[in-house]
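K.L.:
Sequence first, then the predicted structure, then my questions.
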Amino acid sequence: MGTPTIQVRVLAVAGRRVWVAVSGTLCGATLRVLHYSLCARATDERTHFYLDLNAVEWGETLSPVEIPRLLPSGQRLRFHIVGAPESFSAPFRADGRCRLHADVASAWAAWTSQP
């Protein structure tokens with residue numbers, strides 16, 4: 001078994017909106033990498049992240065209780081989560097800053113409806 005890796009690619013930026021596609025294995029170590037990557041991309045406290053997790057392999061050792069550490073702090077930040085498995089969705093639902101999308105089309109509709 002190799003070292004888990006995570007890739008974070010910015011696909012689009014429009015004003016305060018940032019669309020990020022993530023691939024690789026999400027585990028304790030890569031969760032921190034993804035967290036810091038999101039922190040670095042927050043243009044201000046009102047940034048809206050569109051976080052596409054469809055290509056993420058959710059590590060066996062990752063617990064849903066660790067998920068809140070993924071998102072940067074900031075009450076005005078917003079997160080549009082795409083592709084989170086049901087077993088990891090509860091922490092996102094509990095965070096009032098998050099909106100879960102069933103698919104990329106739903107997230108894209110939200111993206112295009114913002115000024």
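P.N.:
Looks like it arrived, so ask away.
K.L.:
In this protein, what residue spans correspond to strands?
P.N.:
With strands called from DSSP state E, the chain shows them at 6-14, 17-26, 48-58, 78-82, 98-101.
K.L.:
What are the buried residues along the fourth one?
P.N.:
Just to be clear, that refers to strand 78-82. For strand 78-82, burial by neighbour count (16 or more other Cβ atoms under 10 Å) applies to 78-82. Bear in mind the C-beta positions are built from the backbone N, C-alpha and C, glycine included.
K.L.:
any idea how far the closest residue to residue 9 other than its chain neighbours is from residue 45?
P.N.:
Closest residue in space to residue 9, ignoring its immediate chain neighbours: residue 21 at 4.9 Å, by Cβ to Cβ, 6 or more residues apart in numbering. Going from residue 21 to residue 45 by Cβ to Cβ, to the nearest Å gives 23 Å.
K.L.:
between the strands of the chain, which one is nearest to residue 37?
P.N.:
Counting by Cβ to Cβ, residue 37 lies closest to strand 6-14 out of the strands of the chain; the figure is 4.5 Å.
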